[in-house]
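[1] Sequence and predicted structure below; questions after.
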Amino acid sequence: MDRREAALLQAVDRLNEEMIDFAARLVAEPSTLGNEASVLQVMEQQMRDLGYPPRRVGVDPVALAGHPGFAPVPWDYQGRYNLAAVRPADGAGGKSALFNGHLDVVSEQPIEGWRRDPYCPEIEQGWLYGRGAGDMKAGVAAIVYALAAVDRAGLGLAAPVTLEVVIEEECSGNGALACLAAGYDAEAVLIPEPFGPTILTSQVGVCWFKVQVKGVPKHALDTGGGVNAIEKCYPLIAALRELERSLNAEPHPAFPGISHPFNFNLGVLKGGDWPSTVPAFAEFHGRLGFPPGLSYEDIRALVERALDQTAQHDPWLAAHRPSLEFYGFRSQGHQVPMELEALRLLGRCHQDLSGSPAAEFHSTATTDLRAFVHYGRGQATCFGPLAENIHASNERVNLQSVLHTARTYALFLSRWCGLVD
């Protein structure tokens, strides 16, 4: 490590308090689907203050409709956007980089499970608590200040760096895709997902869908005279469980040591409107993971076939076919080799700072990485802080790991883009 890299890391350390304060300010802004405006305002102002004035990048469903990665959704994009800024190169000869992070979070409900207000960030024993602290607002702060450290140290870069923050990572991926379609791309893409100091090389595909079932209402004094729409969902859900079992029947080479990487989650179930009335309607929403190499069209066909075959064996469902709608995630899985140049360099940066090699990570969830792997031009991976209870009560992120993420990303910039005095 030369004197310039030492100066760069010292700059990151000096910015640590400011970085954690920024992370906490992001956590303080509730940013569930459709409610991202306030956190985007905080983010935009911070980027401006640090010298990276961003462009607002909208999501245009009409323009993106023909893109294979676009996910149709039932909500609109009026007044909603992503932010992207490019720090231009100060010299030549380096390779470009893009740091991506998402600002949307999942619901904090049920609130009773939290020991503190999820939107009043608190630090306790080296952990920052709050919804989105781990997934992934602290990671966003880390990428911002990794870049800011370059300028704070009085150094330049021999290649451009893009700083990009997006919406809808948690449901569609359309934010990252819109930025990619707008031309924001690079030779290396890093995303600080909260999987700890690991190099992500594979992740599952994911699809979302909604099933609606009709029944016949009847007073509870004669339940046999009606058709219970909720109960008609049972065999359909069982069929999806059987599909899940078949997807996991054999070990998959992209997920060594993981016996059940492809998960079906029954995420929403609702129906009926009165305890003493046979419910005439019901619906459930599901998320299904699927392996790399299986296309979205393939998994969609498997879901359709499973539900159709089940309906054929039930007289009511055969005559009144359930409605099946796919929306949100239609994400392809992927696997990349650990030997890619950008991944190897990132691993060396981590090892030089920590003294231990970075472990390879195989994700049974999806991330915005898929947009860059499938449709971008660069080498892409995730490496981020250590978080606990993401998508759950009492979410928290380890602050020492946030600093380590920022230091690792800064060192990566010095060696991938190249430093300029």
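    Ah, there it is.
[2] now the helices for the stretch 1-150 of the chain?
    With helices called from DSSP state H, counting those that start in this stretch, the stretch 1-150 of the chain shows them at 3-14, 16-27, 37-49, 61-64, 138-152.
[3] Tell me which of these lies nearest to C382.
    helix 138-152 (9.2 Å; CB to CB). All C-beta spots, glycine's among them, are computed from the backbone N, C-alpha and C.
[4] Could you tell me the angle between the closest one and helix 37-49?
    If you take axes from the mean of the first three to the mean of the last three CA atoms, to 10 degrees, helix 138-152 sits at 10 degrees to helix 37-49.
[5] Which strands and helices lie in contact with the helix or strand just after helix 138-152?
    Past helix 138-152, further along toward the C-terminus, the next helix or strand under DSSP states H and E is strand 156-157. Judged by 3 or more CB pairs under 8 Å, 6 or more residues apart in numbering; DSSP states H and E, strand 156-157 is in contact with strand 419-420.
[6] repeat that for 10 Å
    helix 138-152, strand 419-420 (3 or more CB pairs under 10 Å, 6 or more residues apart in numbering; DSSP states H and E).
[7] wait, which of those is closest to G94?
    G94 lies closest, by CB to CB, to one member of the helices and strands packed on strand 156-157: strand 419-420, at 8.4 Å.
[8] Run through the strands of the stretch 51-200 of the chain in chain order.
    Ranges of strands within the stretch 51-200 of the chain are 55-58, 81-87, 97-102, 122-124, 127-129, 156-157, 161-166, 188-191, 198-203, based on DSSP state E, counting those that start in this stretch.
[9] Would you mind putting those into a markdown table with distance to T310, mean neighbour count and mean pLDDT alongside?
    As requested, the strands of the stretch 51-200 of the chain are exported to a markdown table (distance: least, CB to CB, whole Å; neighbours: other CB atoms under 10 Å; pLDDT from 0 to 100):
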| stretch | distance to T310 | mean neighbour count | mean pLDDT |
| --- | --- | --- | --- |
| strand 55-58 | 41 | 15 | 98 |
| strand 81-87 | 40 | 22 | 98 |
| strand 97-102 | 36 | 28 | 98 |
| strand 122-124 | 48 | 13 | 97 |
| strand 127-129 | 44 | 23 | 98 |
| strand 156-157 | 57 | 20 | 98 |
| strand 161-166 | 37 | 27 | 98 |
| strand 188-191 | 38 | 28 | 98 |
| strand 198-203 | 29 | 23 | 98 |
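[10] Tabulate the ones you listed (CSV), appending distance to L346.
    Compiled in CSV, the strands of the stretch 51-200 of the chain are given as follows (distance: least, CB to CB, whole Å):
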stretch, distance to L346
strand 55-58, 26
strand 81-87, 19
strand 97-102, 11
strand 122-124, 28
strand 127-129, 24
strand 156-157, 17
strand 161-166, 15
strand 188-191, 7
strand 198-203, 6
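[11] how is this structure carved up into domains?
    What automatic domain parsing lists as the domains of the chain is 3-203+333-420, 205-331.
[12] among the ones you listed, which is the most enclosed?
    Across these, averaging neighbours per residue (mean count of other CB atoms under 10 Å) puts domain 3-203+333-420 on top, at a mean of 20.
[13] Return the distance of that domain from the chain's centre.
    10 Å (CA atoms, centre = their mean, to the nearest Å).
[14] First-to-last residue distance for it?
    One end of domain 3-203+333-420 to the other measures 12 Å (CA to CA, to the nearest Å).
[15] I'd like the numbering to begin with 28 instead of 1 from here.
    Got it, the first residue is 28 from now on, which makes the last one we talked about domain 30-230+360-447.
[16] on that earlier part again, which among the helices of the stretch 28-177 of the chain is found nearest to C376?
    Distance to C376, taken as CB to CB, is lowest for helix 30-41 among the helices of the stretch 28-177 of the chain, at 9.7 Å.
[17] In terms of secondary structure, what does that closest one contact?
    helix 165-179, helix 368-381, helix 426-440, strand 446-447.
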